[in-house]
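Chemist: Dropping the sequence and predicted coords here.
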Amino acid sequence: MPTRPRPLAHPVTRRALMASLLTLGLALGGCAQMATSPQDDQRKAAQTQVDQAISAEDPAALARARMALSQTLSGAARAEQQLGALETAIDAHELALARELYQQADTEGRWQAINARRAAIARGVGEWSAGNPDQARQTIHRIPLPLDADSERRRLILLGALEAELGNPLAAARYYAAVDDRLADDQRQENHARLWNRLTEVPTDRLRRAAEDTTDRQFAGWVQLALTYREQPGQIDRWMADHRSHPAIDSGFIEMLGAAAPVGQLTAPAATGPVAVLLPEGERYAGITREIRAGIEYARDNGALGSRELLFFDSGSDRIGANAAIEQAQRAGAALIIGPLLKDQLGALAALPADGPLAIALNTPPSGESLPVGVVSFSLSPEQDAAAVARRMWTDGHRRAAIFSADHRLGERTREAFANEFELLGGEVVDRARFASGQTDFSSELRDLLRVRTKSDDGPFQPIIRDDLDAIFLAASGDELTLVVPQLDYFGAEDLPRYGLGLAYNGNRDPRGDADKDGVIIPIAPLLLAGTAGPEHPLRITYEQAQLAGSLPRLFAFGADAAALAGRMDTLLQGGTLDGLTGELSVTATGVVERQPRWGQFRDGLIRPVDPTPGAALPDSITSPTRLPGTTSPDATMGGADQPTLTP
């Protein structure tokens with residue numbers, strides 16, 4: 001197999017990167033030695049953190065250390081350190097960290113004077129951190145070119161991540177291909193995984209058009225590889241012969257992929273060997289862990305894992321704890337790993353060898369990030385729920401929707417997931433409005449959103465709403481929904497079909513608490529429907545077992561399904577489905593576990609099942625996920641937190 005290295009247009013190596021960091025450390029060290037202010041001790045401590053991060057070759061730690069150091073400085077020096085902290089995080093593709101650091105910065109007004117183009121890139125990060133990825137994309141697109149090499153690399157990294165978040169995988173893959181030559185050698189493998197995962201999300205017909213239209217030879221090679229792997233996996237050797245100097249060959253990515261292996265190196269686990277579960281056991285997550293563990297043990301006791309031994313390891317609450325738990329699982333000979341649970345720990349799974357245990361991560365990576373190649377992701381993702389609501393709304397015959405959402409990160413993510421899916425189906429988001437966290441009076445927002453007018457200026461209030469809406473999506477929590485729905489009715493929208501998120505129902509029968517949610521249709525786990533059903537319901541005993549574990553039966557169902565996935569993974573990787581307690585489960589080509597939920601509607605304070613819609617079918621070319629090669633899609637009918645998504 002060819003291994004000849006390809007010259008880099010902008011070669012960046014780990015040695016060069018660390019040399020630049022060492023230069024930074026010396027420069028900062030000089031500043032610290034000259035300090036005579038009362039903050040001298042703090043500055044020296046911060047400088048020590050910088051030095052340690054450089055020695056450890058840890059860019060994420062360096063970014064945090066630079067932000068900490070900036071707090072001991074003032075004026076232009078403070079601004080330069082804060083801007084540099086953001087850039088260090090971007091360079092390492094730690095984009096969630098970059099957004100976090102932007103929120104800590106307090107010198108944005110000085111960045112323009114340092115460098116206008118660097119300031120514009122940082123401003124895009126700020127808009128993303130404020131929940132507006134579309135505006136962030138526009139800001140970064142509008143930066144005048146050309147840029148210096150470092151700024152251009154950051155621009156491409158951010159545009160790739162933003163396109164991915166905005167649901168444009170082909171555009172995201174194009175940016176990841178464009179930035180590849182500008183990355184350090186040891187970053188390119190992860191970049192190739194991101195690029196590949198985005199291409200697997202693109203429908204085949206769009207890939208074919210891209211292969212015909214793309215003039216960039218490197219990106220065209222990636223597109224042709226994706227098409228070959230999807231349609232003619234036996235012809236990978238032919239592709240290699242035609243692309244001898246392609247980066248997929250140079251970096252060894254093609255070797256990991258393998259001609260016969262499923263996308264992303266998703267291979268069935270060994271037939272024997274324990275299942276290792278990695279969960280945080282500290283006080284902060286004790287309740288969540290208890291309920292998930294109870295579900296896993298329940299599934300084990302009911303045969304989900306066959307004869308496999310079940311082992312539990314404490315993953316702690318950080319990356320170090322996750323690394324230690326993974327090492328323990330490997331020493332125990334685990335064939336499968338369930339976990340970790342926390343978003344910031346998922347990157348630790350990259351340490352698993354190609355022939356190691358198959359991992360089922362219990363979360364999704366931070367926005368703009370990808371899981372390591374070969375890892376399955378299972379979560380109670382509100383974004384999946386929002387996309388499912390869009391499909392349900394479409395099959396219910398609604399084509400014009402309004403969105404009313406909470407003005408926080410969860411509201412933003414679910415609002416965009418719904419809008420992207422609904423518009424892909426051909427629906428129109430006619431209007432949208434937001435409300436603030438903690439708000440109780442929505443009069444102004446609802447009047448504007450519904451265009452409320454009254455029949456007469458005299459007499460009682462008789463509201464009339466706009467006539468160009470078929471339904472409304474309420475991206476809100478259960479408590480928020482309780483406040484919103486009565487006000488919707490007051491302003492004349494009592495007959496407007498309303499849909500919400502699954503997290504609006506906690507799974508416990510509460511007629512008084514849920515009385516003000518009447519009429520709202522939500523995606524729901526099958527197990528939770530048993531809570532308001534009679535004793536004859538087939539899941540009633542399981543539901544009662546879940547209630548014994550704690551107050552969130554959804555987490556019990558999540559744990560039980562994680563164990564069931566582990567026990568059936570070989571079948572699922574061949575395109576099979578699993579009727580789980582959280583919904584019908586299948587595995588996409590990128591390793592994401594898709595949930596097809598059941599549906600419930602609040603009536604008189606109780607959640608009741610809603611029958612499948614017999615109406616319009618969904619367009620397969622739009623909604624069918626990219627399946628594993630040679631498999632078929634599961635039945636797509638609709639009936640069949642920050643908790644860990646539900647996640648901390």
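Modeler: Yep, it's here.
Chemist: which stretches of the stretch 151-300 of the chain have low pLDDT?
Modeler: Counting by pLDDT under 70, the stretch 151-300 of the chain contains low-confidence ranges at 212, 234, 257-266.
Chemist: Same check on the chain?
Modeler: Where the chain drops to pLDDT under 70, the residues are 1-39, 212, 234, 257-266, 367-370, 459, 589-590, 612-648.
Chemist: Got the domain ranges for it?
Modeler: The chain is divided into the following domains under automatic domain parsing: 1-166, 187-260, 382-543+595-610.
Chemist: Save the ones you listed as a markdown table, and put in distance to residue 568 too.
Modeler: Where you see a C-beta, it was placed from the backbone N, CA and C, and this is true even at glycine. What follows is the domains of the chain, written out as a markdown table (distance: least, C-beta to C-beta, whole Å):
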| stretch | distance to residue 568 |
| --- | --- |
| domain 1-166 | 29 |
| domain 187-260 | 21 |
| domain 382-543+595-610 | 15 |
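Chemist: I'd like those as CSV, with mean neighbour count and distance to residue 301 appended.
Modeler: Conversion of the domains of the chain to CSV gives the following (neighbours: other C-beta atoms under 10 Å; distance: least, C-beta to C-beta, whole Å):
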stretch, mean neighbour count, distance to residue 301
domain 1-166, 18, 37
domain 187-260, 18, 35
domain 382-543+595-610, 19, 11
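Chemist: Give the residue farthest from the middle of the protein.
Modeler: In the chain, residue 458 marks the outermost C-alpha relative to the chain mean, sitting 51.6 Å out by C-alpha atoms, centre = their mean.
Chemist: Kindly provide the distance from that residue to residue 434.
Modeler: Residue 458 sits 34 Å away from residue 434, going by C-beta to C-beta, to the nearest Å.
Chemist: How about residue 385?
Modeler: The separation that residue 385 has from residue 434, given C-beta to C-beta, amounts to 19 Å.
Chemist: Same check on residue 325?
Modeler: From residue 325 over to residue 434 (counting by C-beta to C-beta), the distance is 39 Å.
Chemist: Then residue 50?
Modeler: Distance check for residue 50 against residue 434: by C-beta to C-beta, it reads 39 Å.
Chemist: what's the answer for residue 375, then?
Modeler: 34 Å.
Chemist: Same check on residue 201?
Modeler: From residue 201 across to residue 434, the span is 28 Å (C-beta to C-beta).
Chemist: try residue 514
Modeler: Taking C-beta to C-beta as the criterion, residue 514 is separated from residue 434 by 24 Å.
Chemist: Could you pull out the strands in the stretch 151-300 of the chain for me?
Modeler: Listed from the start of the chain, the stretch 151-300 of the chain has strands (DSSP state E, counting those that start in this stretch) covering 275-279.
Chemist: let me fix that: the stretch 351-500 of the chain
Modeler: With DSSP E, counting those that start in this stretch as the criterion, the stretch 351-500 of the chain has strands spanning 358-361, 376-377, 400-406, 428-435, 453-454, 463-464, 471-475, 498-500.
Chemist: list the helices and strands the last one packs on?
Modeler: Pointing back at strand 498-500 there. Packing partners of strand 498-500 (3 or more C-beta pairs under 8 Å, 6 or more residues apart in numbering; DSSP states H and E): helix 382-395, strand 471-475, helix 478-490, strand 520-524.
Chemist: go with 7 Å
Modeler: When contacts are defined as 3 or more C-beta pairs under 7 Å, 6 or more residues apart in numbering; DSSP states H and E, strand 498-500 sits against helix 382-395, strand 471-475, strand 520-524.
Chemist: Among those, which comes closest to residue 188?
Modeler: helix 382-395 (28.6 Å; C-beta to C-beta).
Chemist: buried ones in stretch 541-558?
Modeler: Residues of stretch 541-558 classed as buried by neighbour count (16 or more other C-beta atoms under 10 Å): 542-543, 545-547, 549, 552-558.
Chemist: Endpoints of that stretch, how far apart?
Modeler: 17 Å (C-alpha to C-alpha, to the nearest Å).
Chemist: Tally up the residues packed near residue 286, please.
Modeler: The number of residues packed near residue 286 is 11, by other C-beta atoms under 10 Å.
Chemist: Please name the residues that touch it.
Modeler: Under the criterion of C-beta atoms under 7 Å, 6 or more residues apart in numbering, residue 286 has no contact partners.
Chemist: which residue ranges form the helices in the stretch 151-300 of the chain?
Modeler: Per DSSP state H, counting those that start in this stretch, the stretch 151-300 of the chain has helices spanning 169-179, 185-199, 204-213, 217-231, 236-242, 247-250, 253-257, 286-301. These are given in chain order.
Chemist: Now those in a markdown table, please, with extra columns for distance to residue 360.
Modeler: Supplementary listing: those in a markdown table, determined by distance: least, C-beta to C-beta, whole Å:
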| stretch | distance to residue 360 |
| --- | --- |
| helix 169-179 | 23 |
| helix 185-199 | 17 |
| helix 204-213 | 27 |
| helix 217-231 | 23 |
| helix 236-242 | 27 |
| helix 247-250 | 27 |
| helix 253-257 | 19 |
| helix 286-301 | 11 |
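Chemist: of those, which approaches residue 391 most closely?
Modeler: Closest approach to residue 391 among these is made by helix 169-179 (18.5 Å; C-beta to C-beta).
Chemist: give the contact list for residue 315.
Modeler: Taking C-beta under 7 Å, 6+ apart as the criterion, residue 315 is in contact with 278, 279, 280, 321, 322, 325, 339, 340, 341, 345.
Chemist: Between the two ends of stretch 99-114, what distance do you get?
Modeler: As for stretch 99-114, its first-to-last residue distance stands at 20 Å under the measure C-alpha to C-alpha.
Chemist: cool, and stretch 52-66?
Modeler: Its first and final residues considered, stretch 52-66 spans 12 Å by C-alpha to C-alpha.
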